[in-house]
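Q: Generate coordinates for the sequence data below:
(2 chains)
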Amino acid sequence: MTIGQTLLKTNALTKRFGGLVAIDALDLDVKERSIHSIIGPNGAGKTTVFNCIMNFFPIEGGEIRLSEERIDNMTPDRVAYRGVGRTYQNIRLFKNMSSIENILVGMHMHLKSRWWGAVLRSRHSRADEKKASEEASRLLQYVGLRGKGDVLARNLPYGDQRKLEIARALAMKPKLLMLDEPTAGMNPSESLEMVGFIRGLRDDLGITILLIEHHMPVVMGMSDIVTVLDHGTKISEGPPDHVKRDKKVIEAYLGQSGVGHMT
Amino acid sequence: MSFEIVASSFQHKDIEQEQFRRTLKCGAIGGGTVVALCVFGLINQFMERWIIENTLSLAHATFIGITLTVGALICIRSPKLSSAARIFQGFLVGVVSGAFLSILILIMATFDVRHMFVSLSPKLLAFLSYGFDPYTACLVTILAGGVLAMAGALIRESPTWLRKPLIVGLATAFFIGLFAELLQLAMQYESVEPIRDYMFTWEGQTLTGFITMFVLGFAISLFWVTRGKAVMMNHRAKSSGSQRSIRYFLYAIAVVLLLLFPMAAGSFFGQVLMLVGLYVLMGMGLNLEVGLAGLLDLGFVAFFATGAYAIALLTADNEHLILLLDRPLTWWEALPLAMFASLLMGLAFGIPVLKVRGDYLAVATMGLGEIIRVVVLSDMASPLLGGSQGLLHIPRPWIGNFELSDPIHLFYLTLISSMIAAYFAWALENSRLGRAWMAIREDEDVGQALGINLVNVKLLAYALGAWFAGLAGAIFAAMLGSIFPHSFQLLISINILALIIVGGIGSLPGVVVGALMLIGTPELLREFGEYRFLAYGFVLIVMMRVRPLGLWPSAVRKREMQSAEEAEALLRAQSGQKA
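A: Prediction:
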């Protein structure tokens, strides 16, 4: 678990929606092989940060760099090519496709076969497809969905949908995986399982994790660095212990009554 | 205590009232339809066509069919009643329907309404009143309605083994009678002459023919209903190898029939099939766009036109000819160029609407499609494209020294092209590109965030779809020998989209079924020409209400529509099996 150099960096990232400043001059520094959490009250702009990094909409100021390369002027698919994968707060699977197909779409950019290859059933294309479906089955097994490959995504139970969404993102072989509230709607024991799973992603696969989370035990239990946002500005940053004690955080985010929860 | 009695009697009254309303409603549906058919003038035309010669006209058959249906309908809608009560309800419904028609008869007998409703002629009145005076006719109509609807209810209430064969038998005999003329045309061989003479006269189907067909349909269906399951079980029990060989054998028979039928059936059938084939080809193309990639396209006709015009410009010996060699190209030489031109048109078409989504896309593409037609019609382009004069003298394709001049020859060409297109579509569906298409259909943003290049993928959908349409256009040009801008109306785009939806979006067999239904059937019923679109609209409405998934839905769509409960049960069963 050696934390390395900066993987993702935002400098004075600013995003406005009309008159509303969603993110105000945010500096973020995500180190390689770290688990970096973003927390903050509702409407603090956490998901907007993800959307900006993915470039779902243009930003109004600042820059975003991935391994030194600017990615804020790229289309989302190019950002994905650079190695950024993500999940969504409200699960956004391809609901009418099977689990395995969902993962195969995630592998899209690593597959080489062209459409004429598919039509002509070229040896190359068949080999590619075979390899892909084998790898997809492996991924399915890795996230604990073995044997559910042919089930439509919409028919999976909620927890499995979360897992499938992560599997789909993993299929992209990302360097940076952005998870938007991966434990939302889960009970404590499921959350704990998810914590172990996310740790495994970092420890076994060496993937850097950027996390948005509301469950304090989850955040404090596994993060290397925690960034606290409020109204689009960073009010605190550092290791969990540091953030926990930060007066500004307690006041702005948790309020006086929340102090008890933190300890 | 007394309160309860009162309450229950209220409840009873409620149920009765509800049933009364239901009966009135079903009766009104039946009666309203019949009256509407009379007013629109369809019955006038239907009178001329015999289902059984000199006995039963299409008009009679329509009345009978509608009344039987409403009788069955009331049974379906009154699940709470006992069987006998339902049959009685059937009678009442028929009476209500008959009453509607009676009112029409009385109005026609009393007033002269022809200056408003041209179709309500004395001839129609004579037909409706069977030669009785109006009042007796009303009584007869109401009674006949009641009896017929009761028969419909009886059929509905009868056990499956009887009901299905009855319906199949009646339908068989009816359709044979309806298409008697065409079938006779197709039976111009000495070997089948005895059968033909037994079944038909030139006026229509004979009574013996009708009965034979009914018995035949009844018997086959009865066999299938009672023994079908056993046959299927037997089939399933066989080894997968022999199962497959049986399946291939059936496929082979189907292909042979498909190949031989048009040849035997004569050139009229050939022409109809050829047209159906063209629409299948275009449907396959549009299916890539709409069915897989979810790009709603109402300008598809533009690609069809491009293919046709490209062929005409390159091959037709007239002043608009573009000479690439020292002679006009042959059809085969021009074909790849025409398809390529359509492909380019697909790209040019896709670029401006890349960022447009969903319903807006349909409107935008409709505009693009119209632009193409208007440009062709314009004075500006007329020196090049011939304007409204069109392009004439397009040669037919030759194979060696053999000219594909007959519609049937061109039908085979279309058939082969459609098969290639179907294979294309099938292969693409299970490929990387096909999955990417489905992904952007489901959620464009997420797809893009997974590394799918939207521009590439969308343009490929437009281009490949356009490619097939171009092929269809090329064949179309060769078939007609001359092309005009007015052949490329918006209606064609709508037709193709409608046939895909009726067949079942995203389903390849659905394209064929949809084309047969929406293109083939109207062609066969040409004599009712002006009413074709009335029927067309009616079919679309009914289809979307009764089978929104289409006639032959794709497996995927079927899965989608499965309720979550069902799926859960399935999942549980599966995991139970594994455990």
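Q: The helix or strand harbouring residue A:11 pairs with which strands?
A: Element membership of residue A:11 [criterion: DSSP states H and E] is strand A:6-17. Paired neighbours of strand A:6-17 in the sheet (DSSP bridges): strand A:20-31 (antiparallel), strand A:61-66 (antiparallel).
Q: how about those, which one is nearest residue B:318?
A: strand A:61-66 (60.7 Å; Cβ to Cβ). C-betas here are computed from N, CA, C, even on glycine.
Q: could I get the strands paired with strand A:6-17 as JSON lines with distance to residue B:255?
A: Shown next, in JSON lines, are these (distance: least, Cβ to Cβ, whole Å):
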{"stretch": "strand A:20-31", "distance to residue B:255": "61"}
{"stretch": "strand A:61-66", "distance to residue B:255": "56"}
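Q: Throw the ones you listed into TSV and include mean neighbour count and mean pLDDT, thanks.
A: Listed next are the strands paired with strand A:6-17 as TSV, based on neighbours: other Cβ atoms under 10 Å in any protein chain shown; pLDDT from 0 to 100:
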stretch	mean neighbour count	mean pLDDT
strand A:20-31	19	92
strand A:61-66	18	92
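Q: Check which helices and strands the one helix or strand residue B:425 maps to sits against.
A: Here residue B:425 sits within helix B:407-429, counting by DSSP H and E. Helices and strands touching helix B:407-429, by 3 or more Cβ pairs under 8 Å, 6 or more residues apart in numbering or on different chains; DSSP states H and E, are helix A:115-120, helix B:240-265, helix B:267-286, helix B:454-480, helix B:508-515.
Q: what's the closest non-adjacent residue to residue 161?
A: You didn't say which chain, so I picked chain A. The shortest distance from residue A:161 to any non-neighbouring residue, by Cβ to Cβ, 6 or more residues apart in numbering or on different chains, is to residue A:91 (4.9 Å).
Q: Actually, chain B is the one I wanted.
A: That would be residue B:225: by Cβ to Cβ, 6+ apart, it lies 5.2 Å from residue B:161.
Q: now residue B:90
A: Residue B:90 sits nearest to residue B:153 (Cβ to Cβ, 6+ apart), 2.6 Å away.
Q: Does that neighbour belong to a helix, a strand or coil?
A: Counting by DSSP: H, G, I helix; E, B strand; the rest coil, the backbone at residue B:153 sits in helix.
Q: can you count the residues close to it?
A: Counted with other Cβ atoms under 10 Å in any protein chain shown, the neighbours of residue B:153 add up to 29.
Q: I'd like to know how far residue B:84 sits from residue A:21.
A: Between residue B:84 and residue A:21 the distance is 75 Å, computed by Cβ to Cβ, to the nearest Å.
Q: same deal with residue A:103?
A: In terms of Cβ to Cβ, residue A:103 sits 38 Å off from residue A:21.
Q: before we move on, what about residue B:18?
A: Shown here: residue B:18 relative to residue A:21, a distance of 60 Å by Cβ to Cβ.
Q: just residue B:113 next, same as before
A: For residue B:113 relative to residue A:21 (Cβ to Cβ), the value is 72 Å.
Q: so which strand or helix has residue 105?
A: Picking chain A for this. Secondary structure assignment for residue A:105, by DSSP H and E: helix A:99-106.
Q: that's the other chain; I wanted chain B
A: Short version, using DSSP H and E: residue B:105 is in helix B:83-110.
Q: Okay, buried residues for the helix or strand following that helix please.
A: As assigned by DSSP H and E, the chain's next helix or strand after helix B:83-110 is helix B:122-129. Neighbour counts over helix B:122-129 (16 or more other Cβ atoms under 10 Å in any protein chain shown) mark B:124-125, B:127-129 as buried.
Q: Give me the neighbour count for residue A:90.
A: With other Cβ under 10 Å as criterion, residue A:90 counts 8.
Q: and it, what are its phi and psi?
A: Phi and psi for residue A:90, reported as degrees, to the nearest 10, are phi -90, psi 110.
Q: And the pLDDT for it?
A: Looking at residue A:90, its pLDDT reads 91.
Q: What of residue B:119?
A: Residue-level confidence at residue B:119 comes out at 85, pLDDT.
Q: and what of residue B:430?
A: As predicted, residue B:430 sits at a pLDDT of 86.
Q: Let me see the ranges of the strands in the stretch 101-250 of chain A.
A: Counting by DSSP state E, counting those that start in this stretch, one finds strands in the stretch 101-250 of chain A at the ranges A:176-180, A:208-212, A:225-230, A:233-238.
Q: Kindly reformat the ones you listed as JSON lines containing distance to residue A:157, mean neighbour count and mean pLDDT.
A: Formatted as JSON lines, these follow (distance: least, Cβ to Cβ, whole Å; neighbours: other Cβ atoms under 10 Å in any protein chain shown; pLDDT from 0 to 100):
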{"stretch": "strand A:176-180", "distance to residue A:157": "19", "mean neighbour count": "24", "mean pLDDT": "95"}
{"stretch": "strand A:208-212", "distance to residue A:157": "23", "mean neighbour count": "24", "mean pLDDT": "94"}
{"stretch": "strand A:225-230", "distance to residue A:157": "30", "mean neighbour count": "23", "mean pLDDT": "92"}
{"stretch": "strand A:233-238", "distance to residue A:157": "36", "mean neighbour count": "18", "mean pLDDT": "91"}
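Q: To chain B, which of those strands lies closest?
A: Each of the strands of the stretch 101-250 of chain A has some distance to chain B by Cβ to the nearest Cβ; the shortest is strand A:176-180, at 9.9 Å.
Q: right, is the closest one up against chain B?
A: No - judged by Cβ under 8 Å from any Cβ of the partner chain, strand A:176-180 makes no contact with chain B; its nearest approach is 9.9 Å.
Q: what does that strand contact?
A: A:7-8, A:30, A:46-47, A:50, A:53-54, A:66, A:83-89, A:166, A:169-170, A:198, A:201, A:207-212 (Cβ atoms under 8 Å, 6 or more residues apart in numbering or on different chains).
Q: Share the number of residues neighbouring residue B:393, please.
A: Quick note: residue B:393 (other Cβ under 10 Å) scores 13 neighbours.
Q: hmm, I was thinking of residue B:112
A: If we define neighbours as other Cβ under 10 Å, then residue B:112 has 9 of them.
Q: Please tell me the pLDDT value assigned to it.
A: You'll see residue B:112 listed with a pLDDT of 83.
Q: how near is it to chain A?
A: Distance, residue B:112 to chain A, by Cβ to the nearest Cβ, to the nearest Å: 59 Å.
Q: and what of residue B:393?
A: According to Cβ to the nearest Cβ, residue B:393 stands 35 Å off from chain A.
Q: So that residue belongs to a strand, correct?
A: No - secondary structure of residue B:393 (three-state DSSP): coil, not part of a strand.
Q: Provide the backbone phi and psi angles at it.
A: phi 60, psi 50.
Q: could you list every residue that touches it?
A: Taking Cβ under 8 Å, 6+ apart as the criterion, residue B:393 is in contact with B:316-318, B:481-482.
Q: helix or strand for residue 73, which one?
A: You didn't pick a chain, so chain A it is. Residue A:73 belongs to no helix or strand when elements are defined using DSSP H and E.
Q: ah, I was thinking of chain B
A: Per DSSP H and E, residue B:73 falls inside helix B:58-77.
Q: what angle sits between that helix and helix B:122-129?
A: 50 degrees (axes from the mean of the first three to the mean of the last three Cα atoms, to 10 degrees).
Q: what's the angle from helix B:58-77 to helix B:83-110?
A: 140 degrees.
Q: So for helix B:58-77, what gets flagged as buried?
A: B:58-64, B:66-75, B:77.
Q: Now for residue B:373, how many residues are close by?
A: Neighbours around residue B:373, by other Cβ under 10 Å: 19.
Q: and if you look at residue B:19?
A: Residue B:19: 18 surrounding residues under other Cβ under 10 Å.
Q: Check it and give its pLDDT.
A: For residue B:19, the predicted pLDDT is 86.
Q: And for residue B:411?
A: 88.
Q: how about it, what does it touch?
A: Contacts of residue B:411 (Cβ under 8 Å, 6+ apart): B:262, B:270, B:273-274, B:277.
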